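1. Sequence and predicted structure, then a few things I'm wondering about:
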Amino acid sequence: MSVFPRVIPVLLVSEGYLVKPVKFSGERYIGDPINAVRIFNEKQVDELVVLDIDAAVKGTDPDHRLIEEIASEAFMPVAYGGGVRTSEQARRITGIGIEKIVLNTAAFETPALVTEIAELLGSSSTVVSIDAKRRITGGYETYSRRASRKTGLSPVDAAKRAVELGAGELIVSSIDRESTFSGYDLKLVASVAEAVEVPVIALGGASGLNDFAAALQAGASAVAAGSLFVLNGKHRAVLITYPGQAEIRSLRPS
């Protein structure tokens, strides 16, 4: 088992295209997700997350054609989320070659599905994504449906419930920080990591290695980023990047 921290690119797709919103709003066309997967292969990425950001909002099924293409091209384990509403859909997706299923909207609207998928595929293949935003009055609120619907749960309560239902891993994403390059919300990450025993992946706001290190220090088991790995420079030009192995090794706690 690797002792190095997991550094995970997150690809957001909509209607088959790679896109990048800011704070979960709007979206900028980035390119072909398959091309991004191929580049990440070359860069020896250890793990990848692919999320269809509109499937739950539009009520569409997972794009099995795209998923099959990704699974056939990826040299690394892939987690997929977006539009999964039944355990049969989850079974089909993992049968294609995807390792993990990521649930967000369904985890809040039909929580029993988390348990069904965990029992079918195992907790290690069942991931719940928690999208959180700071309240003006203090604390946090969690959202589903691409940050358009409040769940009524705090991130800590959402995390605890997800684990009780069977989730073996959590992605904790800051809506306020997404695509801002302003650093992770470390308070959010720490609060969830302290509340559960399963791995917590920090997402939203990373600008570089220092942010990765800070999130790991705050209790995250792994770090993830979207914009950092697909946009580059002051003008945010499209460029697929990933840190070298020496840089990732430098994140290992001393």
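-> Yep, that arrived. Residues are numbered from 1 along each chain as shown.
2. Name the nearest residue to Ala118, sequence neighbours excluded.
-> Sequence neighbours aside, Gly166 is the residue nearest to Ala118 in space, at 2.9 Å (criterion: CB to CB, 6 or more residues apart in numbering). Where you see a C-beta, it was placed from the backbone N, CA and C, and this is true even at glycine.
3. any weak-confidence spans in this structure?
-> For the chain, residues meeting the criterion pLDDT under 70 lie at 1-3, 26, 233-235, 253-254.
4. rerun that using 90 as the cut-off
-> 1-4, 15, 20-31, 46, 54-59, 137-138, 145-149, 179, 231-239, 252-254 (pLDDT under 90).
5. how about stretch 138-149: buried residues?
-> Counting neighbours by 16 or more other CB atoms under 10 Å, one finds that the buried residues in stretch 138-149 are 140-147.
6. returning to what we had before: the residue nearest to Ala118 contacts Gly122, doesn't it?
-> No - using CB atoms under 8 Å, Gly166 makes no contact with Gly122, being 9.0 Å away.
7. ok so, going back, the residue nearest to Ala118: neighbour count?
-> Neighbours of Gly166 under the rule other CB atoms under 10 Å: 20.
8. measure it to Leu113 for me?
-> As defined by CB to CB, to the nearest Å, Gly166 lies at a distance of 10 Å from Leu113.
9. do Arg177 as well
-> Relative to Leu113, Arg177 is positioned 28 Å away (CB to CB).
10. next structured bit after the helix or strand that contains Ala118?
-> Using DSSP states H and E, Ala118 sits within helix 112-121. Scanning forward in sequence from helix 112-121 by DSSP H and E, the next helix or strand is strand 126-134.
11. and that next one, which strands flank it?
-> Strand 126-134 sits in its sheet next to strand 100-103 (parallel), strand 140-144 (antiparallel), strand 169-174 (parallel), going by DSSP bridges.
12. ok and it relative to helix 112-121, angle-wise?
-> Per axes from the mean of the first three to the mean of the last three CA atoms, to 10 degrees, the angle that strand 126-134 makes with helix 112-121 is 150 degrees.
13. So what touches strand 126-134?
-> Strand 126-134 is contacted from outside by 24, 51, 79, 81, 100-104, 107, 114, 117-118, 140-144, 147, 155, 158-159, 162, 165-176, 185, 188, 192, using CB atoms under 8 Å, 6 or more residues apart in numbering.
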